[in-house]
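following is a predicted model, sequence given first.
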Amino acid sequence: MKEGQIKRLLPTVFQRTVQRGSPLAAILSIMEGLQGPSEFILEHLDRLFDPYRTPDEFVPYLASWVDLTILMDGIRPGSPSSAASLSTGLGRLRELAAAAVPLSHWRGTRKGLCLFLETATGKQGFEVDEHVMEANGTTKPFHLRVTAPGELSEHQVLIERIIELEKPAYVTYELKFRS
């Protein structure tokens, strides 16, 4: 809000006393300056809620809104921190926050698990086998084998967290890395 706009909000008797160099003019100038940062934020509010345009320090907080806190390192549950991120980087966290709605539609499915892993790591090539055989040749009931690209072995903790989050609760799994 500019000085002139603030001045119009004052009673008429005060409006008449505002002159250059007067104490009231100085107060109006200070008031304009104090409102500047708030007005800037309000004018650009939409960028705070866009995972691709929000400042880096706001990304973990935005990700917590779509329940991605469990995947982040350097964070205690229930308290988002600007130091938190994914092991695959802040850019991947932005991608996950942006893809949260489409990913939620596929939750609990093979396709959903693969999409989530690919989005979180930025790599293609995950395989989910739902028909894992035991040594005696029978199918292991309610068991998955997830095979990940070998170069992602350093992100094993993240991948396991995602599998735990996305698989049905009654299903067990094993994670393998392709060589």
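In hand now; what should we look at? Numbers count the residues shown, from 1 in each chain.

ok, longest helix in the chain?
helix 23-43 (DSSP state H).

would you put the C-alpha positions of it in CSV?
Provided in CSV are the C-alpha atoms of helix 23-43 (Å, rounded to 0.1, in the frame of the first residue of the first chain):
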residue,chain,number,x,y,z
PRO,A,23,6.3,13.8,11.2
LEU,A,24,3.0,12.4,9.8
ALA,A,25,4.5,12.1,6.3
ALA,A,26,7.5,10.3,7.8
ILE,A,27,5.2,7.9,9.6
LEU,A,28,3.2,7.2,6.4
SER,A,29,6.5,6.5,4.5
ILE,A,30,7.6,4.1,7.2
MET,A,31,4.1,2.4,7.1
GLU,A,32,4.5,1.9,3.3
GLY,A,33,8.0,0.4,3.8
LEU,A,34,6.7,-2.0,6.5
GLN,A,35,4.0,-3.4,4.3
GLY,A,36,6.3,-3.9,1.3
PRO,A,37,7.4,-7.5,2.2
SER,A,38,3.9,-8.7,3.0
GLU,A,39,2.5,-7.2,-0.2
PHE,A,40,5.3,-8.8,-2.2
ILE,A,41,4.5,-12.2,-0.7
LEU,A,42,0.7,-11.8,-1.3
GLU,A,43,1.3,-10.7,-5.0
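
now it: buried residues?
28, 32 (16 or more other C-beta atoms under 10 Å). Glycine gets a C-beta too; all of them are placed from N, C-alpha and C.

what does the next helix-or-strand element following it contact?
Downstream of helix 23-43, the next assigned helix or strand under DSSP states H and E is helix 45-48. For helix 45-48, contacts defined as C-beta atoms under 8 Å, 6 or more residues apart in numbering pick out 41, 53, 54, 55, 58, 62.

list the contacts of the longest helix of the chain.
For helix 23-43, contacts defined as C-beta under 8 Å, 6+ apart pick out 1, 2, 3, 6, 7, 14, 17, 18, 19, 48.
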